[in-house]
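Colleague: Let's see this in three dimensions:
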Amino acid sequence: MNTPFFALPPSSIFEDGRSRRDSETRLLDRVDLQGQRLAVIHQASRGISVPRSYQRHPRFEAASRQLAATGLPVDVRLSGGGVVPQAAGVINVHLAYPVHANYPLQQVEAHYLGLCDLIAHALDGYGIHATPQPVQGSFCDGRFNLAVAGKKIAGTAQYWRRNRTASTPTFSLLSHAVILVNANSAELTDMANRFEAALHSPVRYLPEKTTSVIALLGSPVSDFEQILLQGLQNPPF
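Modeller: This next block holds a predicted model:
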């Protein structure tokens, strides 16, 4: 049996007024100091999450102000990837834990697949079969999306940080995911496209490339977060 994750209340990490990047750094700091496997599962407020690389775009500040004025604030996260819209019904999973390794690149794939297995098992409970694969045309596309019949239902990302207080080579890993549960995937895609348009970017995402649990089942679900928490008591990694 793998070591269980300790679930933290979302408000203990993602406080109002604190940026996503600062909140994620705070979570990794706890892993550095305590060596625990920590989990935060929550639904973020409506907005756009982007990697730090977007801050280098010459129109980033102007685009952020433009979207914030319409009720769509832009927040910067630690991990890479692309534009991730946040809204009601989008479940965020943040797992932070120590990894003993000299060369973390050799372990990246295994930890991605472990997170995908965790989410896929939760989806299986609803009769939804999801597999890791890229979905060209979806927002924040990546090799370790989870997709159902070629449509993205979840995305994953990682951020590795060396733990300089450890006595042996150790990294604190932030492994996180967004899962479209009771969410309108067409609305989310429109939000992501609004940000790209504000950047004057030619990139546009296709609403038919994503789906959600509610779209597949035809009705909302209320216990998805609890099922994930149960899975974290005997995680696949």
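Colleague: What values do phi and psi take at the residue in the chain sticking out farthest from the centre?
Modeller: Farthest-out residue of the chain from its mean C-alpha position, per Cα atoms, centre = their mean: Ser167, at 30.0 Å. With angles defined as degrees, to the nearest 10, Ser167 sits at phi -80, psi -20.
Colleague: Now do it against Ala130, distance only.
Modeller: Ser167 is 39 Å from Ala130, where distance means Cβ to Cβ, to the nearest Å. For every residue, glycine as well, the C-beta is placed using N, CA and C.
Colleague: Then Val74?
Modeller: Using Cβ to Cβ, Val74 is found at 28 Å from Ala130.
Colleague: more neighbours, those two?
Modeller: Neighbour tally, Val74 and Ala130, criterion other Cβ atoms under 10 Å: the higher count belongs to Ala130, 24 against 21.
Colleague: List the buried residues in stretch 101-114.
Modeller: Ala101, Pro104, Gln107, Val108, His111, Tyr112, Leu113 (16 or more other Cβ atoms under 10 Å).
Colleague: Could you tell me which of these are located in helices?
Modeller: Among these, DSSP state H puts Val108, His111, Tyr112, Leu113 in helices.
Colleague: from these, which is closest to Glu196?
Modeller: Nearest to Glu196 among these, counting by Cβ to Cβ, is Tyr112 at 25.2 Å.
Colleague: List the residues that contact the closest residue to Ser45 other than its chain neighbours.
Modeller: The spatial neighbour of Ser45 that comes closest, neighbours along the chain excluded (Cβ to Cβ, 6 or more residues apart in numbering), is Gln86 at 6.9 Å. Gln86 is in contact with Ala44, Ser45, Arg46, Gly47, Ile48, Ser49, Asn92, Val178, counting by Cβ atoms under 8 Å, 6 or more residues apart in numbering.
Colleague: which SS class is the residue nearest the centre of the chain?
Modeller: When Cα atoms, centre = their mean is applied to the chain, the residue found nearest the centroid is Ala177 (2.8 Å). With DSSP: H, G, I helix; E, B strand; the rest coil as the basis, the three-state label of Ala177 is strand.
Colleague: isn't it right up against Asp117?
Modeller: No. Taking Cβ atoms under 8 Å as the definition, Ala177 is not a contact partner of Asp117, at 11.5 Å.
Colleague: First-to-last residue distance for stretch 99-110?
Modeller: With Cα to Cα, to the nearest Å as the measure, stretch 99-110 spans 12 Å from end to end.
Colleague: same check, this time on stretch 99-117
Modeller: By Cα to Cα, one end of stretch 99-117 lies 18 Å from the other end.
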